[in-house]
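Enquirer: Turn this into a structure:
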Amino acid sequence: MISRYYLEDYLSFDNVNIEFKNGLIIFSGPSGAGKSIFMNSLLNLFAKNQTSAKLSEITLENLNIINEAFNISSNDDINIKQITNTKTRYFLNNQAIAKKQLEIFTKPFFKHLHLKDTSDFDSKNIVEFLDFLSAKNNKKYLNILNTFKDNYTTLKSYKDKYKKIIEDEKNIDDIRELTKLQIKKIEDINPNNGEYEELKDIKTMISKKEKIEESISIARSFLDNTHQISKALDILDIDSSFFDDSINEVNAHFDNFYDKLLNYDDMDIEQTLDRIENLSWLIKKYGSISEALEYKEKKKLELDTYENISFEKELLNKKINELEEKLNKDAITLSTYRKESLKILQNDINNYLKYLYLENLTISINDKKIDITGIDEISFSLNNINLSKISSGEFNRLRLALLTARSIYEIDSKGILFLDEIDANLSGKESESIAKVLEILSKNYQIFAISHQPQLSATAHQHFLIYKENGNSNIKELSKDERIDEISRMISGENITNEAREFAKKLLHN
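Expert: This is a model prediction of the structure:
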């Protein structure tokens, strides 16, 4: 539940600091006082819209949430804060949180019922609830459902593979020939790891041959007289071995160069350059010689697959048929359990519809093409009329009955529910029926609603008045006497009559 709310500097509100209790919480007040503005500022902290308040903050209690990322234990209070400076930022227990993350975090315990949202009646959502209810009533159900979903996913992958085989089979000859050509191209070049670098060194050596020979020739003229230097060192009683060793090393390098040249004499330079060009093409195409060799082996394996494509197709088709047979069987089993759960749901909804002066809701399960949810398609009708054709008031009450019926099974602790225009444009009788159902629903939800009718306002566990004074919006919790005044105003307008006051007292007494 929300235990405390603080708001600072948002549109017509300067400052709000209020505490909430459990149960049904109603906001009322004259038109233009700021009720919708206030409600939107609260919804903002559940990431349902975005306001530009300087600061807004709520404290949540008794939600039994565990979240290691934000260091939240089951008995901890939770703080959600929004701050707007140059931009709007959100915080969860003083840690920055993205708006999308905040929406995901609050989704398990928060619900916003508004006229534009019809998703509660979507077939997929109802099927999910029927699965939840079936699993609650039968321990085997969840295993059947999970096995079905796993098998459906596997079947889809098999069918994708089978489709590719069929497509490949249409062009199998072309694909096979292309694969053979790719393998042959690499095998014709027959590359070896390290070969390209070695040939590049040879090419560099050959291209510099004349310059190196000229340089060595000049150096040799100096080397012919190096014995004079050794002789001078000996006269100076200096061991000349260090000098002799250096000269010998230089001569060895020169000799090594000429030995290499002798090896290259029999080499076909044009053939070497062609070889380098072919290896360079492989490296450019595949990234390296190693990758080219790996690609060749991969293509060889593919070629084996193409050669055995008929066998693979036959084997895959057999697996698909076996899996489809099992899926159809399990889908029928799931549907049987869902139909039993649907009877419970429909009965519960119709019980609440009696309070709401609606009747004859029919929920049907029809067969559809099998998908990951099974073969069940859910549809609703009220007095044999499709939901798309009923009035907004009827739809609103029907959705309230569905939510109340589901809450019995879904909410283990207090959830938080926001209602939009729940009793707008309703008769007194209809408003009274809404109030009765919300009183039941408030056992599982802390409910926030703007009220336009005295019946719902009189049922509230907390009643707040939103009013304007000197152009600023204010909010205050009403005492019993103040509630009589406000409900009387809702009945007779600004000029409160004695009859309106007596009726207000009667409503509150009930």
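Enquirer: And the helices in the stretch 51-200 of the chain?
Expert: 99-106, 123-137, 141-170, 172-189, 195-207 (DSSP state H, counting those that start in this stretch).
Enquirer: Check which residues of the first one are buried.
Expert: Okay, so that is helix 99-106. 102, 105-106 (16 or more other C-beta atoms under 10 Å). (Each C-beta comes from the backbone N, C-alpha and C, glycine too.)
Enquirer: So which of the residues you listed is the closest to residue 207?
Expert: Within those, the smallest distance to residue 207 is 67.2 Å, found for residue 102 (C-beta to C-beta).
Enquirer: quick one on the thing from earlier: would a markdown table of the helices of the stretch 51-200 of the chain with distance to residue 395 be doable?
Expert: Output for the helices of the stretch 51-200 of the chain, formatted as a markdown table (distance: least, C-beta to C-beta, whole Å):
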| stretch | distance to residue 395 |
| --- | --- |
| helix 99-106 | 25 |
| helix 123-137 | 15 |
| helix 141-170 | 30 |
| helix 172-189 | 56 |
| helix 195-207 | 74 |
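Enquirer: just those helices: most buried one?
Expert: Here the criterion is mean neighbour count by mean count of other C-beta atoms under 10 Å, and of those the winner is helix 123-137, at a mean of 18.
Enquirer: mean confidence for the helix or strand harbouring residue 367?
Expert: Applying DSSP states H and E as the criterion places residue 367 in strand 361-371. The average pLDDT within strand 361-371 is 94.
Enquirer: try stretch 207-215
Expert: 74.
Enquirer: And for stretch 425-432?
Expert: Computed over stretch 425-432, the average pLDDT equals 79.
Enquirer: Same check on stretch 100-112?
Expert: Stretch 100-112 carries an average pLDDT of 89.
Enquirer: who touches it?
Expert: Stretch 100-112 is contacted from outside by 43, 46-48, 63, 65, 67, 70, 80, 90, 92, 97, 403, 414-418, 420, 445, using C-beta atoms under 8 Å, 6 or more residues apart in numbering.
Enquirer: Would you mind writing the CA trace of that stretch as PDB?
Expert: In PDB, the C-alpha atoms belonging to stretch 100-112 read as follows (Å, rounded to 0.1, in the frame of the first residue of the first chain):
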ATOM      1  CA  LYS A 100      10.900   1.500 -18.200                       C
ATOM      2  CA  GLN A 101      12.600  -0.400 -15.300                       C
ATOM      3  CA  LEU A 102      10.300   1.300 -12.800                       C
ATOM      4  CA  GLU A 103       7.200   0.200 -14.800                       C
ATOM      5  CA  ILE A 104       8.500  -3.400 -14.800                       C
ATOM      6  CA  PHE A 105       9.200  -3.200 -11.000                       C
ATOM      7  CA  THR A 106       5.700  -1.900 -10.100                       C
ATOM      8  CA  LYS A 107       3.800  -4.100 -12.500                       C
ATOM      9  CA  PRO A 108       3.300  -7.100 -10.100                       C
ATOM     10  CA  PHE A 109       1.400  -5.000  -7.500                       C
ATOM     11  CA  PHE A 110       0.000  -2.000  -9.500                       C
ATOM     12  CA  LYS A 111      -3.000  -1.800 -11.800                       C
ATOM     13  CA  HIS A 112      -4.500   1.100 -13.600                       C
END
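Enquirer: any idea how far that stretch is from the chain center?
Expert: Put simply, stretch 100-112 sits 13 Å off its chain's centre (C-alpha atoms, centre = their mean, to the nearest Å).
Enquirer: Next: stretch 459-468.
Expert: Remark: stretch 459-468 is offset 38 Å from the chain centroid, using C-alpha atoms, centre = their mean.
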